[in-house]
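*Asks:* Could you work out the structure for the sequence below:
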Amino acid sequence: MDPVTDALEEIHHRLGALREGRVADYIPQLAHADPDAFGIALVSMGGNTYRAGPADTPFTIQSVSKPFVYALALGDLGPAELLRHVGVEPSGNAFNAISLEPGTGRPANPMINAGALATTALVRADGPAERFARVLGCLSAFAGRPLDVDEEVYASEAATGDRNRALAYLMRSAGSLRADPVETADTYFRQCAVRVTAADLAVMAATLANGGLNPVTGVRVVAEPDAVRTLAVMATCGMYDGAGQWLLDVGLPAKSGVSGGLIAASPGRFGVAVHSPPLDASGNPVRAVAALGEMARRFGLHIMHNSGLHAATVTGAERVERAGRSIAVVTAQGGLEFTETEALLYALRDLTPPEPGRLVLDLTGVSRALPGAATALAAVLADLVARGHRVAVAETLRLERAAAQGHAPTWAVFGTREAALTWAAGEDGA
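*Replies:* Take a look at the predicted model:
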């Protein structure tokens, strides 16, 4: 049983009925997107992937590419030099607004189109071909696999991209863009037309959440300080003129794109991505915003949430002999949030025998558990009992209250580890 996937599937099923928003059509090729497409993927710091819906459907990355190219440029120039060319302040305007600093032409931040054009132009290379090769290589390293370009979408963007070319010319005339405007825009169009899936984007977001180290491949993609700076800019600017409300409601660094992609990073926990083409008035995917809001509330993901300082969650996973019987014992301590609960569930899974056996979960050292974590753990315990295991829990949190709705807990609850072990070693039914 996988409670993380179960939670994603429940959210996916409930929000799939949303019919708000409109598919982007200002790039003609994007108008062909299926408005019912809806996939969710999550990748933890352990490199584990969870999915709901069609998470492997390809679509173009569009503006979700911006933070990753910004991280690449940070590594090339360093933060001080990059800041001279591209600001980091929220614009409060739409993604394609003319948001340039008076006198200098410096764009407000790298998450709007003007700032993204300037950032792409700053990636070090001998020419546009090498520059795009470096951009594509960076995006592929974040995803952990080779990515390619959707040539039809690229052609559609190039044919209708006059506003982006105009932004490039404006910056060139103000002196903030030194590269050729046409070449800059063309490289940017190719960047936006790179093909990804929700599963790819989840790995990419997880890499930022992991300080620039890809948790699936183990490859360091960018330096940890550059990942931190990128996440900070995503938190304040990634959701365009809806960034303030997003930070209040969800509280995670995020970036959306007009093809319906949205990523969010929970630092040190996971990266998540959603694909759903219908957009709201700010250009953010409606279902994706709702899904991330639900996840943030359920698992306490807001970056302002005080998670406290926890020691290692799983402090023991062993087999104990008692009264001639082998008992699997998993011990935990501290607080149970997403990452801690995932580690605990994997320890339970690894120690559970294939045939019905005896298990004790010692939670007497656990100080608190968020509702989503407690519900996930309760669901796993109920499943173990249903499969014939004799399960005892030593705890003081009244975990049974988080059992699935409609039925009482089916595992035995004790106040001490010793009492749970004694019961687990007894005869079935005793």
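*Asks:* I'd guess residue 215 is in a helix, am I close?
*Replies:* No. According to DSSP: H, G, I helix; E, B strand; the rest coil, residue 215 belongs to no helix; its state is coil.
*Asks:* got the contact list for it?
*Replies:* Residues in contact with residue 215 (C-beta atoms under 8 Å, 6 or more residues apart in numbering) are 43, 44, 45, 46, 47, 203, 206, 207. Every C-beta, even on glycine, is put in place using the N, C-alpha and C of the backbone.
*Asks:* How about residue 415?
*Replies:* 364, 394, 396.
*Asks:* Also residue 62?
*Replies:* Taking C-beta under 8 Å, 6+ apart as the criterion, residue 62 is in contact with 192, 257, 258, 259, 261.
*Asks:* which residue sits closest to the first one in space, ignoring its chain neighbours?
*Replies:* Leaving out its chain neighbours, the residue that sits closest to residue 192 by C-beta to C-beta, 6 or more residues apart in numbering is residue 62, at 4.8 Å.
*Asks:* Run a quick neighbour tally on the nearest residue to residue 29 once chain neighbours are set aside.
*Replies:* Excluding its sequence neighbours, the residue lying closest to residue 29 (C-beta to C-beta, 6+ apart) is residue 156, at 3.6 Å. The tally of other residues near residue 156 (other C-beta atoms under 10 Å) stands at 20.
*Asks:* Could you measure from residue 156 over to residue 182?
*Replies:* Distance of residue 156 to residue 182, given as C-beta to C-beta, to the nearest Å: 17 Å.
*Asks:* Could you report the distance from the residue lying closest to residue 44 once chain neighbours are set aside to residue 334?
*Replies:* Distances taken as C-beta to C-beta, 6+ apart put residue 270 closest to residue 44, at 4.6 Å, once the chain neighbours are dropped. Residue 270 sits 18 Å away from residue 334, going by C-beta to C-beta.
*Asks:* Looking at those two, which is more packed in?
*Replies:* Between residue 270 and residue 334, counted using other C-beta under 10 Å, residue 270 has the larger neighbour count: 29 against 19.
*Asks:* give the contact list for the more buried one.
*Replies:* Contacts of residue 270 were listed using C-beta under 8 Å, 6+ apart, and they are 42, 43, 44, 45, 206, 209, 338, 339.
*Asks:* Of those residues - the most surrounded one?
*Replies:* Neighbour counts for the contacts of residue 270 (other C-beta under 10 Å) peak at residue 206, which has 32 neighbours.
*Asks:* which non-adjacent residue is nearest it?
*Replies:* Nearest residue to residue 206, sequence neighbours excluded (C-beta to C-beta, 6+ apart): residue 271, at 3.1 Å.
*Asks:* Paired strands for the helix or strand harbouring the one you found, with orientation please.
*Replies:* Using DSSP states H and E, residue 271 sits within strand 270-275. Using DSSP bridges, the strands paired with strand 270-275 are strand 39-44 (antiparallel), strand 261-266 (antiparallel).
*Asks:* Kindly export the first one (C-alpha atoms) in PDB.
*Replies:* Below are the C-alpha coordinates for strand 39-44, written out as PDB (Å, rounded to 0.1, in the frame of the first residue of the first chain):
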ATOM      1  CA  GLY A  39      -1.400  14.600 -14.300                       C
ATOM      2  CA  ILE A  40       0.400  14.900 -10.900                       C
ATOM      3  CA  ALA A  41       3.900  13.700 -10.000                       C
ATOM      4  CA  LEU A  42       5.900  14.000  -6.800                       C
ATOM      5  CA  VAL A  43       9.600  13.100  -6.200                       C
ATOM      6  CA  SER A  44      11.000  12.900  -2.700                       C
END
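*Asks:* Check what contacts that strand and list those residues.
*Replies:* The contact list for strand 39-44 (C-beta under 8 Å, 6+ apart) reads 4, 8, 11-12, 49-57, 197-199, 201-203, 205-206, 215-216, 269-276, 291, 338-339, 342.
*Asks:* Repeat the analysis, applying 6 Å as the threshold.
*Replies:* Residues outside strand 39-44 that contact it (C-beta atoms under 6 Å, 6 or more residues apart in numbering) are 8, 12, 49-55, 57, 198-199, 202-203, 206, 270-275, 342.
*Asks:* go on, the last one?
*Replies:* Taking C-beta under 6 Å, 6+ apart as the criterion, the residues outside strand 261-266 that touch it are 64, 201, 205, 208-209, 231, 252-256, 271-275, 285, 288, 292, 301.
*Asks:* hmm, back to that, give me the three-state assignment for the residue nearest to residue 29.
*Replies:* Relying on three-state DSSP, one would call residue 156 helix.
*Asks:* For it, give its distance to residue 188.
*Replies:* Distance of residue 156 to residue 188, computed by C-beta to C-beta: 14 Å.
*Asks:* Compute the first-to-last residue distance for stretch 176-186.
*Replies:* End-to-end distance of stretch 176-186 (C-alpha to C-alpha, to the nearest Å): 18 Å.
*Asks:* Pull the distance from that stretch to the chain's centre.
*Replies:* 32 Å (C-alpha atoms, centre = their mean, to the nearest Å).
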